[in-house]
Structures are given as structure tokens and as C-alpha cells.
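A.B. asks: Have a look at this prediction, sequence included:
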Amino acid sequence: MKNGPVWLVGMMGAGKSAVGPVLANRLGRRFVDSDAEIERSLDRTIAEIFEHDGEEVFRACEREVIESLSETDAVVALGGGAIAQPGAIELLGRSGRVVYLSAAVSTLLRRLGDCSTRPLLRDLDGTARAARLAELLESRQAAYLSAALVVDTDGTTVSRVVDEIARGLEDITGSEGIAS
């Protein structure tokens, strides 16, 4: 038994998409990026969904993707705001293990670059982008901190983050819960 999915949560730029495939390989699991699943199901980019349908449609689709993945044993990188949606904390915690990848706003800004594909940050200058990231982080922090495991991704490598997550999951579930 693998104890359900490993949900990677955190702000955009925290490292979920970089860490996820490496962690999945290490644990012998499949990797899924929830945003890629949403784009595939609606045949549009996240930016297009936000622009044409609005955040409400995006969040509804996101919820459907989370529910469909809740019965798998995948490593799932969730969008930055997924865990902060109504009922998400309970669903994620009940179905699997939640891992919060944390990073400072300055790190997030550096990793995100120009943000042209990020609907919540697009068209903002550097100062406004930093302020918006800080605001989003503050509004989501309580949800993020509900995770079973918190791993700081500032100033480290993907390999070290994966090692820390694997050790933490072993502590939480026992070795049989995370490996094939």
C-alpha cells in the first residue's frame, strides 16, 4: 500500500514542477502536474482559461482534477492556490500526504522570471509583482502550513529537497508507505 498521492503544494516558483518528477522517480510513482492536466482537459493554457472563463471555472476544473487524482498513488504538483480553496485541505489530507515546498518571495521572483504566463502576476512590474506574491503567500500560508511536511527550497538543490521529502515521508508513513 502506498497510502495515496503525495501532494506537493506551495507558491508558484517554489519548485513543485522541478521536484515532482524526481521525487516520483525516487518513490517509484507516476508524476502529475495538475495545471497540465487542467490544460489538457480544457484544451487551453491556464492563462487562456483565466482570461476567457475566469478563475471560478479554473478552480472548478482544478477541484475535479484533484478529486480524480485522490485515489491514485501519484506524486502531484498542485497549482499554488489549490490548497487554499474550500474543502481542499481536508480532501488532500484525507487522501494522501501533503508536502509544502516553501520559498521566500525573493526566491520566487527570481525563479518565475517575467511571469507572462502567470495570470495572477502578468502585466505587473517588479515591485507590484513582489507585493502580489507576498500578498498571495500571506493569504495562503495557513493552508500551506497544514501540510504533514514542510520543506524549505531556498538555497538548495532539487536533489536535496527530494532527499528531505523522502526522509520525511518515511518518518510519517514508514518505509512501506512510500516505496513500491
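C.D. replies: Good, I have the coordinates. Computed from a predicted structure; not experimentally measured.

A.B. asks: Please list all residues in contact with Ala103.
C.D. replies: Gly10, Met11, Gly13, Ala14, Gly15, Arg111, Asp152, Thr153, Asp154 (CB atoms under 8 Å, 6 or more residues apart in numbering). Glycine gets a C-beta too; all of them are placed from N, C-alpha and C.

A.B. asks: Highest neighbour count among the residues you listed?
C.D. replies: With neighbours set by other CB atoms under 10 Å, the maximum within the contacts of Ala103 is found at Ala14, which has 28 neighbours.

A.B. asks: Could you pull out the helices in the chain for me?
C.D. replies: Applying DSSP state H to the chain gives helices spanning 16-27, 34-42, 46-52, 55-69, 88-95, 105-112, 126-144, 158-173.

A.B. asks: among those, which is nearest Gly4?
C.D. replies: helix 88-95 (4.8 Å; CB to CB).

A.B. asks: Show me what that closest one is packed against.
C.D. replies: helix 55-69 (3 or more CB pairs under 8 Å, 6 or more residues apart in numbering; DSSP states H and E).

A.B. asks: burial count for Ser159?
C.D. replies: 11.

A.B. asks: coming back round to it: can you redo the helices of the chain as TSV with distance to Gly80 and mean pLDDT?
C.D. replies: Shown next, in TSV, are the helices of the chain (distance: least, CB to CB, whole Å; pLDDT from 0 to 100):
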stretch	distance to Gly80	mean pLDDT
helix 16-27	8	96
helix 34-42	9	92
helix 46-52	11	88
helix 55-69	11	92
helix 88-95	12	93
helix 105-112	9	86
helix 126-144	7	89
helix 158-173	17	92
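
A.B. asks: in this protein, which strand has the most residues?
C.D. replies: Secondary structure of the chain per DSSP state E: the longest strand is strand 97-102.

A.B. asks: Would you mind getting the angle between it and helix 126-144?
C.D. replies: 150 degrees (axes from the mean of the first three to the mean of the last three CA atoms, to 10 degrees).

A.B. asks: What lies in contact with strand 97-102?
C.D. replies: By CB under 8 Å, 6+ apart, strand 97-102 touches 3-10, 14-16, 19, 83, 89, 92, 144-154, 161, 165, 168-169, 172-173.

A.B. asks: Could you give me the PyMOL selection string for whichever of those residues are buried?
C.D. replies: Of those, the buried ones go into a single PyMOL selection, burial set by 16 or more other CB atoms under 10 Å:
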select buried, resi 3+4+5+6+7+8+9+10+14+15+16+19+83+89+92+144+146+147+148+149+150+151+153+161+165+168+169+173
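
A.B. asks: can you dump the C-alpha coordinates of the longest strand of the chain into CSV?
C.D. replies: Taking C-alpha atoms only, strand 97-102 is exported to CSV below (Å, rounded to 0.1, in the frame of the first residue of the first chain):
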residue,chain,number,x,y,z
ARG,A,97,0.4,13.1,2.2
VAL,A,98,0.7,16.9,1.7
VAL,A,99,4.2,18.4,1.4
TYR,A,100,4.6,22.1,1.4
LEU,A,101,7.6,23.4,-0.6
SER,A,102,8.3,26.9,0.9
